[in-house]
Structure formats: C-alpha cells, structure tokens
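# Provide a 3D model corresponding to the input given below.
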Amino acid sequence: MKQTMYSLASRISKIIWKLFINGLITVLPLLLTITIFNVLFKFIKSLLEPVRNLIMGSTQFIPSWLQWIPHIEVILIIICILLLGTFLNLFVFRAILDRVEEWFNKIPLVSPIYSGMKQLVAAFNHKDKSSFQQVVIVQLAGQSIYTIGFVTGEIAGHLAPRPNVHYVSVYVPTTPNPTGGFYLIVAKDDLVPLDITRQEAITLIMSIGMIQPHKTSHTKLD
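As a prediction, the model looks like this:
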C-alpha cells in the first residue's frame, strides 16, 4: 500500500513539475522581454531627468497640465524627434545640419568621437551600405574559437602589419550590448564571409546566439 501511494505521489509530482516547466518556458521569454524594456525605459528616463525637472519647475512658461501627464518627458522627446525627422526632409534644415556637422568635425577632441558614433549608429540602419560592409567570421588567436565581426574598410598599405598582404578593418561587437566591442586588423584571406544581413548578425549577437538566422551560408568576400 505504501509503495503504491509513493509511486502515485511520485507520478503526480512529475506531472506537476512537467506542467510547471512548460509554463515557465512559455512565459519566461515574455517576462525577460518586459524586464529588458523596463530597464531600458528607466535608463532613458534617467537620461531625460533634466527635461522633467525643467517641466516641473518652469510653470511660468510651460502649461501646468503637462505635469500631470505620466512620462511627459519621454513623450515630448518622441515628439521632438518626429518633428526633427520631418524638418530634415526639408532642404534648408538639412543644409543647417550639414553646417553643424562641419563645425563638429573641426573640433579636435570632439571630431573623432562624433564621427565614430555617427558611423556606428549609421551601421545599424539598413539603408547604410558603407559603414559595416560585410558580416564575417573571425578566428581568435589561431585557436578553434570563432566570433562574428563586421568589415568596416581596408587597411592602407603603410599600416599593414606585413607587406604584400591584404588587410581589412574588422569590428567585433560584444554581447548583449553590440555598441561596445573590439577593433581588429585581419588578413582578408583569414576571414570567412557570411551570407546574412547586418540586422540578422546583430540579432544573433544581442541574443547571445539564441536567435539565429534561418539560413546561413559562406559566400565570397567582396
């Protein structure tokens, strides 16, 4: 009798555990997604704290009813970005932005940082074809360990580690934050090109390899 009860209890516990695991696997991606967006939202709000303080403290120039709107600083920034995108479609405002960028490029310390950030942001835009030219596999230190990188350009002959060898610049992003990474100088023949888009590669990196492209194949490096 005790053996039967123990066997029944063991079977019921296994069923309950299996149901729990199935439910956890189903709900966990949703909870992690909400958590990540919640962290990002709080981070953005912390950056926009000066805007909120300005709204709360400038009742003389800003309508008081704006203070009662939740997350008003985020909403205002979104509206400003939309307006900026609209204005940039006009030739006059594009010319003004070009002048501002020229001014930034003339500042010694600001110029390399601004131009680098601009290229990095542009690389995530599917319309940009020059910043991240191709997705490649890079072998690390001659070991059987590989990572994904992006070819960003060719190395001038006087900067090449060895003469008569074609080198390229490769950016290797970190995971799960692809905005940080490493700059490598790699011989072109040592790279294995991948036939996937930059967006698919970034998704693969940000998901620490869990979200993979449906079809991956080697191709010829341009």
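
# Which pLDDT value goes with I12?
Model confidence at I12, given as pLDDT, is 85.

# Could you name the helices and strands sitting against the host helix or strand of it?
Taking DSSP states H and E as the definition, I12 sits inside helix 2-47. When contacts are defined as 3 or more Cβ pairs under 8 Å, 6 or more residues apart in numbering; DSSP states H and E, helix 2-47 packs onto helix 72-87. The way it works is simple: take the backbone N, C-alpha and C, and place the C-beta from them, glycine included.

# what is the rounded mean pLDDT of the following helix or strand past the helix holding I12?
The helix or strand immediately downstream of helix 2-47 is helix 49-57, counting by DSSP H and E. For helix 49-57, mean pLDDT rounds to 75.

# what separates helix 49-57 from the chain centre, distance-wise?
28 Å (Cα atoms, centre = their mean, to the nearest Å).

# Stretch 81-99 now?
25 Å.

# what's the angle between the helix holding I12 and helix 49-57?
70 degrees (axes from the mean of the first three to the mean of the last three Cα atoms, to 10 degrees).

# Return the angle between stretch directions for helix 2-47 and helix 72-87.
60 degrees.

# now helix 2-47, how far from the centre of its chain.
27 Å.

# same question, stretch 46-53
For stretch 46-53, the distance to the chain centre is 23 Å (Cα atoms, centre = their mean).

# The spatially most central residue of the chain: what's it in contact with?
Nearest to the geometric centre of the chain sits P178, at 4.8 Å (Cα atoms, centre = their mean). Applying Cβ atoms under 8 Å, 6 or more residues apart in numbering to P178 gives the contacts 202, 205-206.
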